[in-house]
Every structure is written in C-alpha cells, then in structure tokens.
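>>> Show me the folded form of this:
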Amino acid sequence: MAKIPKDFYSDVDHKPFTHCKVCDCRLDDGKMPYVVEKAYKRTEEGEDLTLFEMALCIMCAQEQVAKMSTESRAFLQRSLMGEELMKRRAALTEEDWESNWKKECLLTNKTPKINDEYHIVGQFLGDELLEDQSPYLIGADIIEHIQENLSVETKEEWDNFGRQFYGPEDPQLKALLEDHQFVFV
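Below is the predicted model of the structure:
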C-alpha cells in the first residue's frame, strides 16, 4: 500500500491527521479506516486556499451518512458511489495515480479554475492508503450539482455539522465562508 500523500496532511501541523474530528478516536494506530476530505478555493493568484479539512473515522462517517434524508442518500449513492465513479477510480489506481489524481475532477475531467471550489478525498488506514482506493478530486460542477440536489433537511444537517466543528479563526476565511453551503463528497 502507498503512504498518505502530503496533500492529505493537516494544514495545522503538516502531518497526517491523528484523531477523528467528531469522536476524537485515534486514526494513526491502523485499527480503523478513515476518510480525509479537504475543500479548497483556487484564488486569482493561483493559490489553493483551504476552506476546511477533516478526518473522520469510518464509524463517524457512516453516522453522518445516516443523518441524511433518504432522498439525499439515494442521490449521493447514484452520483458519487455509482458504477461510473468506481470504474474511474479503478482506472486511476491502475494508472500512475500518484501523478494524475489531483489534476482534474474524477467525474468531469475538468481542471479547477480560478475561483473554483474543489474537494480532495482519500481513504486511509494508519499512515497508508486503503488498497485499491486511490484519492480523487471532485470539481466545482459536481459540488454545485450536489448542493442543488440535496434535501433541505440534509443541507441543514450539514450546515449544523459545519458550525459545530468549523469556526474559522481567520477573519478573511470567515468572510469567505459566510454564505458557503457546507458539502461533503
């Protein structure tokens, strides 16, 4: 298995995440799989500003999924866990994923542009990628599609999660997130 790409390190200490954002269980001991998701906005200067980052153990990730409405769960199952995404992830894994996974959206093949939001997602066990689970990038078009198709109930649940676990200290980032719809991919 491959080591965690540095893109998935915490922006706080530039090391792999060690604890789940929700339940605070250890992630670095290799006992439970976990997911890391980081959201970025590409600035006019060409920099990628982190909007949020999180690591969730598989149990807490599943609990978040269970809190979604039935309609939202079904939509995300079709959109992000469907056969096409799995085929593309498998193809990426078979190729030189380490050079290619972050260049473009896995579903649209579009490269993030200036002012675009995009997310990177990876699944890990201890300090390694889960076998046959290359990380991937989800671009602005897909994020917008998700936002447009979630139920009000799910949007409220995700906003509550965002408020509970993410209160940016940086006033510039806080202003940027003021009207941000919190989305997991």
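
>>> The helix or strand harbouring residue 147 packs against which elements?
Element membership for residue 147 (DSSP states H and E) is helix 140-149. Helices and strands touching helix 140-149, by 3 or more CB pairs under 8 Å, 6 or more residues apart in numbering; DSSP states H and E, are helix 70-80, strand 117-125. Any C-beta I mention is one placed from the backbone N, CA and C, and that applies to glycine too.

>>> buried residues in stretch 42-57?
Neighbour-count burial for stretch 42-57 flags 42, 48, 51-57 (criterion: 16 or more other CB atoms under 10 Å).

>>> Okay, now the unreliable bits of this structure?
1, 166-185 (pLDDT under 70).

>>> just checking, what's the longest helix in it?
Determined from DSSP state H, the single longest helix within the chain is helix 152-165.

>>> what about that helix, distance to the chain center?
15 Å (CA atoms, centre = their mean, to the nearest Å).

>>> Now do the contacts for the nearest residue to residue 30 once chain neighbours are set aside.
Excluding the flanking residues, the one nearest residue 30 by CB to CB, 6 or more residues apart in numbering is residue 126, at 3.1 Å. If you count contacts by CB atoms under 8 Å, 6 or more residues apart in numbering, residue 126 has them with 27-30.

>>> for residue 26, same thing?
Per CB under 8 Å, 6+ apart, neighbours of residue 26: 18-19.

>>> quick one: secondary structure of the residue nearest the centre of the chain?
For the chain, the residue nearest the mean C-alpha position is residue 37 (2.8 Å; CA atoms, centre = their mean). Three-state call for residue 37 (DSSP: H, G, I helix; E, B strand; the rest coil): strand.

>>> which residues does it form a beta bridge with?
On the basis of DSSP bridges, residue 37 is bridged to residue 54, residue 121.

>>> any idea how far residue 98 is from it?
19 Å (CB to CB, to the nearest Å).

>>> next one: residue 35
The value you get for residue 35 to residue 98, if CB to CB is used, is 19 Å.

>>> If you count surrounding residues, which of these two has more?
Between residue 35 and residue 98, residue 35 has the larger neighbour count (other CB atoms under 10 Å), namely 21 against 12.
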